[in-house]
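Student: Sequence and predicted structure below; questions after.
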Amino acid sequence: MDIEKFAYDTLLEEQVRGVCRDYSIKNIVETGTWIGGTTQALSTMAEHVYTIEINKEFYDTAKTNLNRYSNITQYLGSSVNILPYIFPLLNYPTFFYLDAHWGGTPLLTEIDLIAKAVPNPVIMIHDFQVPNRPELKWDNYNCQPYCFEWIKPHLDNIKTPWRHFYNSEATGCKVGVIFIVPK
């Protein structure tokens, strides 16, 4: 099956693969499944992928696209409601691929939930503003760009020391991302 993954960004796919390898990732939690292309690719990078989609039509399409992958578990609903049920299932370390943004943004609440429940999280946020890289696209919520200053107070709730970095290049749709990783 050859469907869109990582917004057609082969550089991002390799960067995610490298982060998963560098941090010995066991599980991946994805918010925003869409039709499952990225989920399929993520399933080759960890023992298990848990993916959450709020849109029933996208969920159903992804279910068809992903039904042959035994290491993927799909959830239909809001990420902020489902994440607390996933946390007890995880073997750590876990990579969180945050990309839910239909009809609002659960991002800040997702970060808060992860910070409270997960030791040493590895987080990537898709559609993020990369400083001094205006060619890389990012999302806005109520005119608020997805930027570091906006999420930093929530990242400060992570119990262990962390650092962040961005992608500096992109292919395909040319979307910015931020990674938050343990120091």
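Tutor: Nice, thanks for sending it over.

Student: By mean pLDDT, point me to the weakest helix or strand of the chain.
Tutor: strand 140-141 (a mean of 90; mean pLDDT, DSSP states H and E).

Student: And it, how far out from the chain middle?
Tutor: Mean C-alpha position of strand 140-141 versus that of the full chain (C-alpha atoms, centre = their mean, to the nearest Å) differs by 17 Å.

Student: so where's the longest helix in the chain?
Tutor: Ranked by residue count and defined by DSSP state H, the top helix of the chain is helix 10-22.

Student: before we move on, back to that, adjacent strands (with direction) for the least confident helix or strand of the chain?
Tutor: strand 144-145 (antiparallel) (DSSP bridges).

Student: which of the residues in the longest helix of the chain are buried?
Tutor: For helix 10-22, a neighbour-count test (16 or more other C-beta atoms under 10 Å) marks 12, 13, 15, 16, 19, 20 as buried. Where you see a C-beta, it was placed from the backbone N, CA and C, and this is true even at glycine.

Student: Tell me who's in contact with residue 150.
Tutor: By C-beta atoms under 8 Å, 6 or more residues apart in numbering, the contact list for residue 150 reads 108, 144.

Student: And the residue most central in space within the chain, which helix or strand is it part of?
Tutor: Nearest to the mean C-alpha position of the chain, by C-alpha atoms, centre = their mean, lies residue 97 at 1.3 Å. For residue 97, the element it lies in under DSSP states H and E is strand 94-98.

Student: who does that strand touch, helix- and strand-wise?
Tutor: The contact analysis (3 or more C-beta pairs under 8 Å, 6 or more residues apart in numbering; DSSP states H and E) places strand 94-98 against helix 10-22, strand 27-31, helix 107-117, strand 122-126.

Student: That strand - what's its average pLDDT?
Tutor: For strand 94-98, mean pLDDT is 98.

Student: That one: partners in the sheet, and parallel or antiparallel?
Tutor: strand 27-31 (parallel), strand 122-126 (parallel).

Student: would you list these in JSON lines and tack on distance to residue 157?
Tutor: Converted to JSON lines, the strands paired with strand 94-98 look like this (distance: least, C-beta to C-beta, whole Å):
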{"stretch": "strand 27-31", "distance to residue 157": "18"}
{"stretch": "strand 122-126", "distance to residue 157": "12"}
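
Student: Give me the angle between whichever strand or helix holds residue 75 and strand 27-31.
Tutor: Assigned by DSSP H and E, residue 75 belongs to strand 72-76. Relative orientation of strand 72-76 and strand 27-31, computed by axes from the mean of the first three to the mean of the last three C-alpha atoms, to 10 degrees: 30 degrees.

Student: circling back: tell me which of the buried residues of helix 10-22 is nearest to residue 41?
Tutor: Checking the buried residues of helix 10-22 against residue 41 with C-beta to C-beta, the nearest one is residue 13 at 6.0 Å.

Student: just checking, the closest one touches residue 7?
Tutor: No: Residue 13 is beyond contact range of residue 7, at 9.8 Å (criterion: C-beta atoms under 8 Å).
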